[in-house]
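Asker: task: produce atomic coordinates for the following.
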Amino acid sequence: MKKILILMAGLLMSIASFAQDSAPAESSFAADPLHHPMFPYYATVALLMIVILLVAVVCIYVFKIVRLLNEQLEKQRASRQGVAYVPSPGWWSRFTQAVNASVPVAQEKEIELEHNYDGIKELDNHLPPWWKWLFYGTIAWAAIYIIVFHIANTLPLSQEEYQTELAVAETQAKLRKASQPAAAEIDESKLVYSADAAILENGKNVFAENPCGSCHGSEGGGNTIGPNLTDQYWIHGGDITSIFNTIKNGAVDKGMPAWGKVMSVQDVRDLTFYIISLQGSNPPNPKAPQGELYKPASPMQSDSTSVKSQASL
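Answerer: Prediction:
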């Protein structure tokens, strides 16, 4: 049996190495599995797994047959001796008895205490071994924890891990801002709307790629959760700065996430401009107005020299 396993392992390794050397990088097993160079390897592995499964099933049935034969022999032996046959407990019964150390009902008289309350008697049962092992394990873990975290200082405590994660996040934020210098220079208090096609196209993509449409509708007309973005009524203010701040900082009480934590400043600006461009688009089945009416001081420009915004979340 050992030689057969060694032979099969060598066959698998040789097939795998041959397939890796001969298979082109662009080949796909799903496209043509029968002619794929890795097919012999997969077929051999599948065959080996089937053989292992069959051997396991056979072993289970052999074990049951052996146990049945032993039980028949014990019954015959008890019959010859003229005593009642008492089946021996199985391995699972022996295991549960070992971990629980429970006293059989027939032997409860031996552990009865003298306490008797209206016919209810108290037994002197001990804690099961598994509970004791678990308790001893917690004591051992507490000793290891104190030594590792408080005496040897081998591993950081939760507060130190938190501070380390904050430092890493701050470093990543600085790197992200350094890679987007134009976005980092955006002053939200001085934003003016621009109908630049590239900005609006990127804002539209940001709107579609993020779950904005699930709350505000795919065309901005509002949904069960989010308000209508195409009318002149706004919950958090209708100027461009309010829109920008609402997207960036969110509105937790209304279920609006702070997208500034996952979006770049440039994407927040482009999304703001795109939302402004939705004004008056009249999508089908718009949601009823919510919030207060906001009218810009001057109409929205269609060129790049535009005015301050007229929309907000």
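Asker: chain center to the helix or strand Glu165 falls within, what's the gap?
Answerer: With elements taken from DSSP states H and E, the one containing Glu165 is helix 158-179. With CA atoms, centre = their mean, to the nearest Å as the basis, helix 158-179 stands 23 Å off its chain's centre.
Asker: would you mind writing the CA trace of it as PDB?
Answerer: Taking C-alpha atoms only, helix 158-179 is exported to PDB below (Å, rounded to 0.1, in the frame of the first residue of the first chain):
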ATOM      1  CA  SER A 158      -5.300  47.300  22.000                       C
ATOM      2  CA  GLN A 159      -4.700  51.000  22.600                       C
ATOM      3  CA  GLU A 160      -1.200  50.700  21.100                       C
ATOM      4  CA  GLU A 161      -2.600  48.800  18.100                       C
ATOM      5  CA  TYR A 162      -5.200  51.500  17.600                       C
ATOM      6  CA  GLN A 163      -2.500  54.300  17.700                       C
ATOM      7  CA  THR A 164      -0.400  52.300  15.200                       C
ATOM      8  CA  GLU A 165      -3.400  51.900  12.800                       C
ATOM      9  CA  LEU A 166      -4.100  55.700  13.100                       C
ATOM     10  CA  ALA A 167      -0.500  56.500  12.200                       C
ATOM     11  CA  VAL A 168      -0.700  54.100   9.200                       C
ATOM     12  CA  ALA A 169      -4.000  55.600   8.100                       C
ATOM     13  CA  GLU A 170      -2.500  59.100   8.400                       C
ATOM     14  CA  THR A 171       0.500  58.200   6.400                       C
ATOM     15  CA  GLN A 172      -1.700  56.600   3.700                       C
ATOM     16  CA  ALA A 173      -3.900  59.800   3.600                       C
ATOM     17  CA  LYS A 174      -0.800  61.900   3.100                       C
ATOM     18  CA  LEU A 175       0.400  59.700   0.300                       C
ATOM     19  CA  ARG A 176      -3.000  59.800  -1.300                       C
ATOM     20  CA  LYS A 177      -3.100  63.600  -1.100                       C
ATOM     21  CA  ALA A 178       0.400  63.800  -2.500                       C
ATOM     22  CA  SER A 179      -0.600  61.700  -5.500                       C
END
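Asker: elements contacting it?
Answerer: When contacts are defined as 3 or more CB pairs under 8 Å, 6 or more residues apart in numbering; DSSP states H and E, helix 158-179 packs onto helix 181-184. C-beta: built from backbone N, CA, C; applies to glycine.
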